[in-house]
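> could you work out the structure for the sequence below:
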Amino acid sequence: MRHLIGFGTVAALVIGVALCMSAPAKADLQVCNESGEHISVAVAYYDAGNDSMVSEGWWNMDSGDCRTPIDGDLKDKYYYLYAESDEHTWTGSH
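Purely as a prediction, here's the structure:
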């Protein structure tokens, strides 16, 4: 009886993991403005296919807004953000 309980537990875990893995992962790049200010945001990343940097923007965001500048799977290791308001500038890892 003890082996049946152990097997049932393992089988349930395997089925649970398989169900979780069946949906493809999606990793959008989402930016949320928690600054309390109206900001403008730009994004840059390396495009290996063209061996060049790509910059996209500007997205104007009110406080509390979220935007998805890059939709879908993220292919690059690094993404660079730049944001500015009338009073502040944000660069680096924020």
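> now the spatially most central residue of the chain: closest residue in space that isn't a chain neighbour?
In the chain, the residue lying closest to the centroid (C-alpha atoms, centre = their mean) is Leu29, at 3.6 Å. The shortest distance from Leu29 to any non-neighbouring residue, by C-beta to C-beta, 6 or more residues apart in numbering, is to Ile70 (4.0 Å). For glycine as for every other residue, the C-beta is placed from the backbone atoms N, C-alpha and C.
> what do you get for Tyr82?
Ala42 (4.8 Å).
> give the contact list for the one you found.
Ser55, Glu56, Gly57, Trp58, Trp59, Leu81, Tyr82, Ala83 (C-beta atoms under 8 Å, 6 or more residues apart in numbering).
> mind putting those residues in TSV, distance to His38 and pLDDT included?
What follows is the contacts of Ala42, written out as TSV (distance: C-beta to C-beta, whole Å; pLDDT from 0 to 100):
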residue	distance to His38	pLDDT
Ser55	21	93
Glu56	19	93
Gly57	15	92
Trp58	12	96
Trp59	11	95
Leu81	16	92
Tyr82	15	94
Ala83	11	95
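> so can I have a markdown table of those residues showing neighbour count, distance to Gly49 and secondary structure?
As requested, the contacts of Ala42 are exported to a markdown table (neighbours: other C-beta atoms under 10 Å; distance: C-beta to C-beta, whole Å; DSSP: H, G, I helix; E, B strand; the rest coil):
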| residue | neighbour count | distance to Gly49 | secondary structure |
| --- | --- | --- | --- |
| Ser55 | 11 | 16 | strand |
| Glu56 | 12 | 16 | strand |
| Gly57 | 16 | 21 | strand |
| Trp58 | 14 | 24 | strand |
| Trp59 | 17 | 24 | strand |
| Leu81 | 17 | 22 | strand |
| Tyr82 | 16 | 23 | strand |
| Ala83 | 22 | 27 | strand |
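> alright, calling it a day.
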